[in-house]
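**Q** give me coordinates for this.
(one chain, ligands or ions: 1)
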Amino acid sequence: MIQLMKYLKEYRKDAVLTPILVILETMGELMLTVIIGRFIDELSNSATTMDTIWHYGVQLIIVAAICLIFGSVCGWESVKAASGLSKNLRIAMFDKIQDFSFTNIDRFSTNSLVTRMTTDVTNLQNAYMMTLRVAAKAPISILCALIMAFVINWKIALVYIVVILLLFVGLFTIARATHPIFQRVFRTYDKLNGVVRENLHGIRVVKGFVREDFENQKFETISGEIKKDFTKAEKLIAFNPFMMQTAIYVCLIFISWLSAKAIVGSASGVAVGGIYMTTGNFQNLITYSMMILMSLMMLSLIYVMMMMSRESVHRIKEVLAEESNLHNPEEAVSEIRDGEIIFENVGFSYADDPEKLCLSEINLQIRSGETIGIIGGTGSGKSSLIQLIPRLYDATVGKVSVGGRDVREYELEALRDAVAVVLQKNVLFSGTIKENLRWGNADATDEELLEVCRLAQADSFISTFPDGYDTYIEQGGTNVSGGQKQRLCIARALLKHPKVLILDDSTSAVDTKTDALIRRAFRSYLPETTKIIIAQRISSVEDADRIIVMDGGRIDAIGTHEELLKSNRIYQEVYESQQKGGGEDE
Ligand SMILES: Nc1ncnc2c1ncn2[C@@H]1O[C@H](COP(=O)(O)OP(=O)(O)OP(=O)(O)O)[C@@H](O)[C@H]1O
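**A** As a prediction, the model looks like this:
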């Protein structure tokens, strides 16, 4: 946890102030016990006057009021420090994730990142708040109470030492047993988040296939797993109050017994074992017993919270320590000459393992301005191939060049500005159409928006909306159709004026006529831009300059539509199957 304290930043003063206030509050509480002890002794004196009672009464009120003030400010400061720490941690994690490559994200999984930024940070926040307040208060209370008890009577005070040692052994044993359970619980939380996210994301499909019962069952199973683990851990933790209560009773019985003997002996002038005690002393010892044992109880609670948050701290640190495996080189090039693309002996593995390549022996040269179609079965490596061009992933072996230079020599931002990809999983964000389009270029004028929307055949449907380009897109683009969403995403990519434009199955939901219009517009208006179109339908790529046929992570053939129809078996089969089906999507 200590390494994460640097994220306190502007809340450091609150974090320092809290234990100081706690110390002052504890001192005040101890002063109260001393005053009460003296007061009791004074009361047993027959000469006590009302003046004396007022004197002690006023003292008690003043000290109690000071304790209350310190306690309240301290509570406020600890909340400020803990919630400030969690805010800064979330910002730091979010910032870090923005720099992650796809490989980094794959390594954690999106679900786990969500749990780490929410549940784990909240866990740490709660544990830290408790620690700030109690971790300072409890040891000080114990220490001061022990000193005072030893001052009153060291022989009787030894009882505390024995009980404290026994309690520590018990607490340590419980903590060791619960830690692995909490470790497991957080991994299950990742799964739970995954199920919720998947369900909400695909709620239409769930309803369409009437899979609510199945989804409920899945959720119940995971919730059950969490409940089982928590019950197991709580059963162990339940020993905690049991041990505490036993310790309190043992302490009280022993101290009462020894004190009673001492008080009776002192009164009769025959002190047992040389122990002299007053009733006020006895009252104080009982108060110290409660203070010590309550502090131990609080410490044990913190210990349990620390156990729970230890795993969270580890998981937060993992995210913050993760280094993106995509770096800008020292002297990064920021100018991309043109849209020429060369793959030289490229192999790629998601696991970065040359033994497990999902793309291999890719040799390919694409001229700037060329239109390339890519066809291949599912899982044949089409998306993997194009993701290497804007460095969404790095090639495991070989070299990918754009504009005559290795992609790893470019500034990442410049490369990704020059290579626009409309990915298979299109995403629109909540906001107006204009705001969404300007993701491609924040400074684009309204005329430029209109122009790219015309090219992407989006203007025709946007102008039918009552609010036109100011139409509000709901989160995830749920209020536009799949085909409309795809066209908006293409328009957004066009706004970057890219040198390379990649459409990864991005017109699959667009009707064939509109699809053809988009391609025709590209050909006429973007002659300089290299266009790579991944598609399932032959009609989407047949007019490309060249078509690549992918199979099992390798290039099976490259040629024009006519050449491939004559010579390539896979292409012929796909063509024939689509001819028979009249074009799968039409
Ligand atoms: N993020 C990932 N992590 C690990 N393996 C992956 C990942 N994405 C894809 N793969 C695997 O890589 C191989 C190639 O997948 P890829 O997505 O490139 O195929 P594709 O031809 O684009 O398929 P489709 O047409 O279905 O989109 C597949 O075996 C797939 O399971």
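**Q** so which bits of the stretch 51-200 of the chain are right by the ligand?
**A** D106 (C-beta under 6 Å from any ligand atom). All C-beta atoms are positioned from the backbone trio N, CA, C, and that covers glycine.
**Q** against Q387, how distant is the residue of the stretch 51-200 of the chain found nearest the ligand?
**A** When scored by C-beta to the nearest ligand atom, the stretch 51-200 of the chain has D106 as its residue closest to the ligand, at 5.0 Å. Applying C-beta to C-beta, to the nearest Å, one obtains 12 Å for the distance of D106 from Q387.
**Q** looking at the two, which one has more neighbours?
**A** For D106 and Q387, the more surrounded residue by other C-beta atoms under 10 Å is Q387, and the numbers stand at 19 against 13.
**Q** contacts only, for the more buried one.
**A** Residues in contact with Q387 (C-beta atoms under 8 Å, 6 or more residues apart in numbering) are F102, Y393, V421.
**Q** from N126, how far out is N441?
**A** Going from N441 to N126 by C-beta to C-beta gives 44 Å.
**Q** thinking again about what came up before, hang on, isn't the residue of the stretch 51-200 of the chain closest to the ligand packed against Y350?
**A** Yes. Using C-beta atoms under 8 Å, D106 is in contact with Y350, at 6.5 Å.
**Q** okay, now the residue nearest to D190 when sequence neighbours are not counted: neighbour count?
**A** Take D190 and drop its neighbours on the chain: the residue closest to it by C-beta to C-beta, 6 or more residues apart in numbering is S112, 4.4 Å away. A count of nearby residues for S112, using other C-beta under 10 Å, gives 22.
**Q** picking up where we left off before, which helix or strand contains the residue of the stretch 51-200 of the chain closest to the ligand?
**A** Using DSSP states H and E, D106 sits within helix 102-108.
**Q** please name the nearest non-neighbouring residue to S380.
**A** M550 (4.2 Å).
**Q** what secondary structure does the one you found sit in?
**A** Following DSSP: H, G, I helix; E, B strand; the rest coil, M550 is assigned to strand.
**Q** before we move on, what about S401?
**A** The three-state label for S401, taken from three-state DSSP, comes out as strand.
**Q** and the protein, what are its domain boundaries?
**A** Using automatic domain parsing, the domains assigned to the chain come out as 11-321, 341-424+499-580.
**Q** lowest-confidence stretch among these?
**A** Ranked by mean pLDDT, the domains of the chain end with domain 11-321 at the bottom, a mean of 83.
**Q** how about the helices of the stretch 101-250 of the chain, start to end?
**A** Along the stretch 101-250 of the chain, counting by DSSP state H, counting those that start in this stretch, helices occupy 102-108, 110-115, 121-130, 136-152, 154-201, 203-208, 212-237, 239-267.
**Q** now the last one and helix 212-237, what's the angle there?
**A** An angle of 30 degrees separates the directions of helix 239-267 and helix 212-237 when computed by axes from the mean of the first three to the mean of the last three C-alpha atoms, to 10 degrees.
**Q** same question for the fifth one.
**A** The directions of helix 154-201 and helix 212-237 differ by 170 degrees, with the same axes, to 10 degrees as the criterion.
**Q** residues in contact with the helix holding D106?
**A** Contacts for helix 102-108 (C-beta under 8 Å, 6+ apart): 97, 113, 116, 318-319, 322, 324-326, 350, 352, 387, 392-393.
**Q** hang on, isn't L392 packed against V421?
**A** Yes. Between L392 and V421 there is a contact under C-beta under 8 Å: 7.4 Å.
**Q** before we move on, the earlier item: ok, the residue nearest to D190 touching K191?
**A** No. Using C-beta under 8 Å, S112 is not in contact with K191, being 9.3 Å away.
**Q** contacting residues around stretch 43-50?
**A** Counting by C-beta under 8 Å, 6+ apart, E42, T278, T279, G280 sit against stretch 43-50.
**Q** now that stretch: buried residues?
**A** By neighbour count with 16 or more other C-beta atoms under 10 Å, stretch 43-50 contains no buried residues.
**Q** can you give the distance of it from its chain's centre?
**A** 65 Å (C-alpha atoms, centre = their mean, to the nearest Å).
**Q** T33 against T287, yeah?
**A** Yes. The criterion here is C-beta under 8 Å, and T33 meets it with T287 at 4.7 Å.
**Q** residues from the stretch 201-350 of the chain in reach of the ligand?
**A** Taking C-beta under 6 Å from any ligand atom as the criterion, the stretch 201-350 of the chain approaches the ligand at residues Y350.
**Q** just give me the residue closest to the centre of the chain.
**A** Residue closest to the average C-alpha location in the chain (C-alpha atoms, centre = their mean): M117, at 2.3 Å.
**Q** who's in contact with it?
**A** Taking C-beta under 8 Å, 6+ apart, we find M117 in contact with R90, M93, F94, V319.
**Q** of the residues you listed, buried ones?
**A** Neighbour counting with 16+ other C-beta under 10 Å marks R90, M93, V319 as buried within those.
**Q** just give me the neighbour total for L385.
**A** 27.
**Q** any idea how far it is from the ligand?
**A** For L385, the distance to the ligand equals 7 Å [C-beta to the nearest ligand atom, to the nearest Å].
**Q** just N281 next, same as before
**A** Distance, N281 to the ligand, using C-beta to the nearest ligand atom: 72 Å.
**Q** ok, E331 next?
**A** To the ligand, E331 is 31 Å away according to C-beta to the nearest ligand atom.
**Q** ramachandran coordinates for that residue?
**A** Backbone torsions for E331, taken as degrees, to the nearest 10, come to phi -110, psi 80.
**Q** between the longest helix seen in the chain and helix 121-130, how big is the angle?
**A** For the chain, the helix with the greatest residue count under DSSP state H is helix 50-99. Interaxial angle, helix 50-99 versus helix 121-130 (the same axes, to 10 degrees): 150 degrees.
**Q** chain center to helix 50-99, what's the gap?
**A** Worked out by C-alpha atoms, centre = their mean, helix 50-99 lies 28 Å from the chain centre.
**Q** thinking again about what came up before, could you dump the contacts of Q387 to JSON lines with neighbour count?
**A** Below are the contacts of Q387 laid out as JSON lines (neighbours: other C-beta atoms under 10 Å):
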{"residue": "F102", "neighbour count": "14"}
{"residue": "Y393", "neighbour count": "20"}
{"residue": "V421", "neighbour count": "22"}
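**Q** now Y56. Nearest residue, chain neighbours left out?
**A** F39 (4.4 Å).
**Q** number of residues surrounding that neighbour?
**A** 19.
**Q** show me the contacts for it.
**A** For F39, the contacting residues are Y56, L60, G280, by C-beta under 8 Å, 6+ apart.
**Q** how about the nearest residue to the second one, chain neighbours excluded?
**A** Pointing back at L60 there. L60's closest residue in space is I35 (C-beta to C-beta, 6+ apart), at 5.8 Å.
**Q** that's all I had, so thanks and see you.
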